[in-house]
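Visitor: Here you go, sequence then predicted model.
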Amino acid sequence: MTAPTSAPPAPSGPLLLDMQHIQKAFAGVTALDNASLGVAAGEVHALIGQNGAGKSTMIKVLTGAYRRDGGSITFAGQPVDFASPLAAQRGGIATIYQEVNLVPLRTVAENIFLGREPRKWGLIQWPAMNAEAARLLTELGIQLDVKEPLGSFSTAIQQMVALARAVSINARLVIMDEPTSSLNEREVETLFGVIRGLKARGVSVIFVSHRLDELYAVCDRITVMRDGRTVYAGDMQGISRLQLVEQMLGREIKNAGAQTGFVKHKGSAGAKPLLGVGGVVRGTRLQGASVEVGEGEVVGLAGLLGSGRSELARVIFGADQPDAGELRFGGQPVQFRSPSDAIKAGLGFCSEDRKAEGIVPELSVRENLTLALLPRLSRAGVVDNRQQAEIVERFVASLGIKTSNPDQPIRELSGGNQQKVLLARWLAMNPKLLILDEPTRGIDVGAKAEIQRLIGELAQEGLGVLMISSELEELIEGCQHVTVLHDGKTVANLAGDEISEAQLLHAMAQGLEPEDMPRPPTPPQVRA
Amino acid sequence: MSGEINTAARPARSGSGGQGLLADLKQVLPSILILLALLIFNAFFTPYFLSVQTLNVNLTQVATIIIVAMGMTLVIATGGVDLSVGSLMAISGVLAPLIFLNPAFASLQGLGIALAFVVPVLVAGAFGVLNGLFVTRLKLQPIVATLVLYIAGRGIAQVITNGQLQSFTTPAFTYIGLGRPFGVPFQVILMLIIVALTYWVVKRTVFGRYVLAVGGNETAAGLSGVPVSRVKLAVYAISGLLAGIAGLIVIAINSSSDANQVGQGMELDAIAAVAVGGTLLSGGRAQVLGTLFGALIIQLIRFTLLAKGVPDAAALVVKAAIIVIAVALQQRRRRE
Amino acid sequence: MLSTNAKADRAKRTRLLSTLSQYGVLAALILLIVFGALRYTGFMSEYNFSTFLRYNAMFGLISLGMCFVIMTGGIDLSVGSVVAMSSVVAALLSPYGAFTALLGAVLAGALVGLLNGWIIARLGIQPFITTLATLLGARGLALLLARNQGGVGVDTSNTVFTWFGQGDLLRLPVPGVMMIVAFVLGAVALRATPFGRHALAIGGGEDASKLMGLNVGRIKLGVYVLSGALAGLAGLILASQLGAGQPTEGLGWELSAIASVVVGGTLLTGGTGSVWSTLVGAMLLGLIFNILNFENGKGIISLSPYWQSVIRGGFLLLVVVLQSRLARQKGRS
Amino acid sequence: PKLAVKATYRVGFAQTESNNPWRIAQTKSMQDEAKKLGYQLVYTDAAGSTAKQVADVRSMIAQKVDAIFLSPREDKPLAPVVAEARKAGIPVILLDRNIDPALSKAGTDYVTFVGSDFIKEGQRVGDWLVKNAGGKTNIIELEGTVGASPANDRKKGFDDVMAKNPKFKIVASQSGDFARDTGRQVAQTLLQAHPEANVIYAHNDEMAIGAVSAIQAAGKVPGKDILVLSIDGGKEAVQMVVDGKINYVVECNPRFGPEAFKTLKSYAAGKKFPAKIINADRDYTPQSAKAGLASAY
Ligand SMILES: Nc1ncnc2c1ncn2[C@@H]1O[C@H](COP(=O)(O)OP(=O)(O)OP(=O)(O)O)[C@@H](O)[C@H]1O
Ligand SMILES: Nc1ncnc2c1ncn2[C@@H]1O[C@H](COP(=O)(O)OP(=O)(O)OP(=O)(O)O)[C@@H](O)[C@H]1O
Ligand SMILES: [Mg+2]
Ligand SMILES: [Mg+2]
């Protein structure tokens, strides 16, 4: 520990929000353990921490989305205990939750004003509402038909709509949980403009982000969380990037690139080609995406949210059918009609959305782990319990899955352990190629490193891995090659030393080829 | 390490084929307790309750509900529901007599009887497949998809006989309704076998696992190579087959087949049994034993109210209350 | 953003399809009417028109309530029994004044709705089971109130009361007028009141709605109360029209109502819903009976009631399949 | 309203429901008679819904049929439409169930009522039992569909007689829904709960037949250990009387065709009618059953 984990120094102004000794546990994991957060009036407060550190939970506890198990919350002088997000909103707290929490089927305008529609004699004033919505969005530099269903717009747009909603509630505190994850740099600038505007009006802002540059750009003070505890709080300028990262990770950074668990091996020069994807087109989401994976290689797939990575993964896995483009696997051209085809051929696919596309919540760890393997685990349609038990035992042991026993319903496990079970589901198949979509999203620090190490080891044993990730460290340290998508199109193929944060960011943002790429405005200091 | 299946690991823990029978019983504890409560109440307050005859009466009456409810449990486990079971019972019920009373088989009775057992059940099963196709191919929501045959199915049965009631006395056939091997009513034995089979399928077979996976998270199941459509098709088919069997039993007990009456309101009884048994209609779980107890509870309530001479109107209200209470208890327990 | 424009286009197509799917049902209805007009004498008579409305107004009303319930992703199986129950209440109250009866019937229905909503929102029991139970319970109450009589006579001297079901207003049958008014109000409520919008929002995403500060429980309560109240109104019409409370009436009406809503293009998964196409759906299904009666009248073929249910089932399938086709294209885009 | 004398008529028949043998027999008899006379029968089925029956009758009025045979599901609800028919100049003849005389008058609103007297039927069963009980006095009553008027009347008629004979005791009375299967199940349960019962009175044949199999299932002898009494007199039931499984059946003949159309014709001829034409219903005792079997419906 370089920086002190002591109590925070007195903030500039009087505290608007003061959360102390917050406790929160979910079925499997303790999400918050004696966490604290203090925000002064009119300041922009950074809240950072690795995935799973407890940031979102802290926020949801504050707004009453979760009941806290212990601790006290003081807001604007009074002790508060918001029973629901509605109460918090009435109390003067506007929130943009991390998973864009809007209703896709309703129009943009409705989503901005849901719950506080302008009315006359109890009737909604549509013209006024639409006009106001349009105005709010124009201020954010967005022109669109606010009468369209929100679901028909990109995630980026959706995030801006959420922002518009938050600022239009004139609150004393605006919370933004990772609002920039899917924004390009221009949109980020707009966002900063908004934040400064709020600050000027004396409104406080809590700003959650994984992009350090952004924090230094707008934040006054910062709180760092790790494993559900508050480990640092102080002035933004009072701490260097390096110290910040060390606080987040809870360990000193000896050499560059020790932030992930990857043990990077120089990709065997002439890796036998395993998967070849060329010019895949599907709807408007994929406009000519290509990627190559060789045996024993870890190939990264980078891009902003909505850039088409998952879409591409689904096409490769046969979950979606492409309109055009060719697919080669193990030399032969192939076209998987369904996931089971792909599975038979030796592919595995860990989807990005663990809840919606990965786990079967009601089923036990055992049943989830062997779901794909089942056909091989059975004679005449009857499950072979002995073999099943052995395999489950082996993977629970080798992946260090923390579960009371294999009969425990998977929904009771922590995110990280759920993810491990899903990995095991595919490893048990002994596949040739594994497609991992955001394999470490929402997983706490320890588990994350383990999984990353695991991926490296598997590759060394000859498994081909196609890894979609939004975390640059992961791509930089884990991959021999990185393919960058932009608006469904492959815009860059980086290898070896080309794989740097700067180049990635730019390829992702503008989709420029590495050659004619200008130096980034703020070169990343993390690895100085 | 990679996941080739070498069985070098430590010896498997004994009987780790999912929870054992006891664990499953614990899962549906509330319904068991309610059942016990009813039994005790009757034992004290209903004269002549404690007798083999009472047992026979109740089991024979509930047998068909349980048989149908087994299929319903599977359908609901996939997140669907089957409103057409009553109508399918009627269809199979009217077909059987048409077959074994058919002069064509006058000479070879045996064949006629045999076909009368097989064909109607298969036809009902085929209609079940039709339901499945509505759901998987036409992408209709289960309630609507099965509503179609709920309406049309009974109509078909009535059209076949033009609504006429068919009476018969064919011991070889009525055996499934009236036979008593070792003094136990045949349909009760059949019912127990079907329950055991369903339980086994859910616990031990790949298909059973697939049913739960599809109901628990269809997308995830599909991405793990589960043949989602075929699984759905299968459960509706099974539901149809079981309804067919139940239909035969009903007409056998009455030695007559009445397209207008066979299976009336069966869908509600079956669904209620499943719900009271602790299976959520949202799918992903299948409390086979719970359904068994659920049906017994509903039957015992009916028996008690009749025996105590409670007017039918009041009986309905009581039944409603108990369903809500039972389900509420089940869910409270589940939340903990 | 290129992709944004493309998505916007898709959104336009979506709206086109949704309007199309509404007009699809309307077209079917119009076709059926034209068919009847050309084929049967007396079909287009004012008398048949009002007959049709008097009977189907009741189905229209419960379908309207069902539409709101289904928008939130729920379902209400109890409406049939509630109609019966409140018809008895209305009959029993008719001696104490027409409006007492009206109030009583609607209130009785609303109370059952309240119970439904409470069990669903507070006890968290699924709508299907909850309303399946109240389907039994309300029927029981209806019979208890009626002391097991098949019909509870109304006070025939109370002419206002009989007017509710049998009278005319501007040459329109009163039940029909009630239905139209209810649907206009329903359309406004859905289009322009927070209640309607929030009901849709909940169906489109319950958790998101919660996080956005909607009081989900209260809104659910609201839709079930609405459904119950409308069923109560239908009960009043029933009692008034038949001059007797009908404890045994309304068997399976809930399924007709659900069918009407689905035929109207509303998905049982919630989040969408159109009041007007629900009305069209209800009228369409009702017209089938009317047409079948006239067809029998032609004396060319005499359809047994058995054939009629086969036909109705097939017809339902047909319409719903067409609807789901359109819906699915909507989903794809 | 007048009815012109014509060679052929287009007459409506508004049936209540078609889900039990009695109704089906009634419908068939009407259709057969119409065919015989060469009339066109416009036949609607209310599927057990009074509201629909009202709409059905109205649609007949809209179609301007010459006359309407109506078997009203209930005694009050149909009164308004009967009045409407009269306004439209269409004579109505009521079959098997009557309309509340307070609401509409025979001879003016409708021509007449042809049918049986449900209360009387119940009484006849009661009277027979009082005479032939042979010491069997503990009665289980299987009621028809809850709320249905035949059920209520047949109960009233029977119970009144029993009330006058204190030595008889109705130990249980529950609905069997006029259906064989339900009747059987209810009988089974009640026999179990009341072993002392030795008489079963069912409101129709279907439930009686169900009761017989229930008695057998309980290991007793129907007709001997337990008397079985019923109403309707369908072939199957009468056969059972012959076989001694059922002891007494009061006929309630669904063959309305001939009588109904005869009434129609003579009405056209200008004949006047009493308010009620009560069918001459027979009854079947162990003695008379064999003789009547052939002519039972
Ligand atoms: N609803 C839930 N049920 C069970 N566990 C949960 C739930 N929500 C969060 N957790 C767990 O609590 C811990 C903290 O989660 P949280 O979302 O607050 O982390 P975070 O800091 O927001 O991560 P990220 O940066 O990915 O948003 C994680 O281990 C997560 O798995
Ligand atoms: N128009 C849209 N409609 C619905 N969802 C959208 C849309 N645009 C983007 N999304 C969401 O963002 C994702 C964009 O596609 P895809 O996931 O393939 O890109 P991605 O780069 O993988 O983004 P992510 O980082 O979310 O995986 C979709 O999975 C979807 O969840
Ligand atoms: Mg978070
Ligand atoms: Mg993705």
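Guide: Happy to help now that I have it. Numbers count the residues shown, from 1 in each chain, chains lettered A, B, ... in the order given. Ligands and ions are numbered 1, 2, ... in the order given.

Visitor: any idea how chain A splits into domains?
Guide: Following automatic domain parsing, one gets these domains for chain A: A:15-92+A:171-249, A:107-169, A:272-346+A:431-519, A:357-430.

Visitor: how about the longest one, does it get close to ligand 3?
Guide: Same thing as domain A:272-346+A:431-519. No. Domain A:272-346+A:431-519 lies apart from ligand 3 when judged by CB under 5 Å from the ion; the minimum separation is 7.1 Å. Glycine gets a C-beta too; all of them are placed from N, C-alpha and C.

Visitor: returning to what we had before: how about a markdown table for the domains of chain A, with distance to ligand 4, mean pLDDT and mean neighbour count added?
Guide: Compiled in a markdown table, the domains of chain A are given as follows (distance: least, CB to the ion, whole Å; pLDDT from 0 to 100; neighbours: other CB atoms under 10 Å in any protein chain shown):
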| stretch | distance to ligand 4 | mean pLDDT | mean neighbour count |
| --- | --- | --- | --- |
| domain A:15-92+A:171-249 | 10 | 84 | 20 |
| domain A:107-169 | 10 | 86 | 19 |
| domain A:272-346+A:431-519 | 3 | 83 | 20 |
| domain A:357-430 | 10 | 87 | 21 |
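
Visitor: Can I get the ones you listed in JSON lines including distance to residue C:146?
Guide: Formatted as JSON lines, the domains of chain A follow (distance: least, CB to CB, whole Å):
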{"stretch": "domain A:15-92+A:171-249", "distance to residue C:146": "44"}
{"stretch": "domain A:107-169", "distance to residue C:146": "39"}
{"stretch": "domain A:272-346+A:431-519", "distance to residue C:146": "57"}
{"stretch": "domain A:357-430", "distance to residue C:146": "44"}
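
Visitor: Distance to chain B added to those, as TSV?
Guide: Putting the domains of chain A into TSV (distance: least, CB to the nearest CB, whole Å) gives the following:
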stretch	distance to chain B
domain A:15-92+A:171-249	11
domain A:107-169	17
domain A:272-346+A:431-519	4
domain A:357-430	3
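
Visitor: ok, stretch A:42-49 near ligand 1 or not?
Guide: Yes. With CB under 6 Å from any ligand atom as the measure, stretch A:42-49 is seen reaching ligand 1 through residue A:49.

Visitor: Please state the offset of that stretch from the chain centre?
Guide: What separates the centre of stretch A:42-49 from the centre of its chain is 19 Å, taken as CA atoms, centre = their mean, to the nearest Å.

Visitor: remind me which residues of the stretch 201-336 of chain B are low pLDDT?
Guide: B:333-336 (pLDDT under 70).

Visitor: now the residue of it found nearest ligand 2: how far from residue B:302?
Guide: Checking the stretch 201-336 of chain B residue by residue against ligand 2 with CB to the nearest ligand atom singles out residue B:219 as nearest, at 12.2 Å. Distance, residue B:219 to residue B:302, using CB to CB, to the nearest Å: 41 Å.

Visitor: out of the two, which sits in the busier spot?
Guide: Regarding residue B:219 and residue B:302, a neighbour count based on other CB atoms under 10 Å in any protein chain shown identifies residue B:302 as having more, with 20 against 15.

Visitor: which strands and helices sit next to the host helix or strand of that one?
Guide: Residue B:302 is part of helix B:288-307 when elements are defined by DSSP states H and E. For helix B:288-307, the helices and strands in contact under the criterion 3 or more CB pairs under 8 Å, 6 or more residues apart in numbering or on different chains; DSSP states H and E are helix B:21-27, helix B:29-45, helix B:52-77, helix B:186-204, helix B:266-276, helix B:312-335, helix D:180-193.
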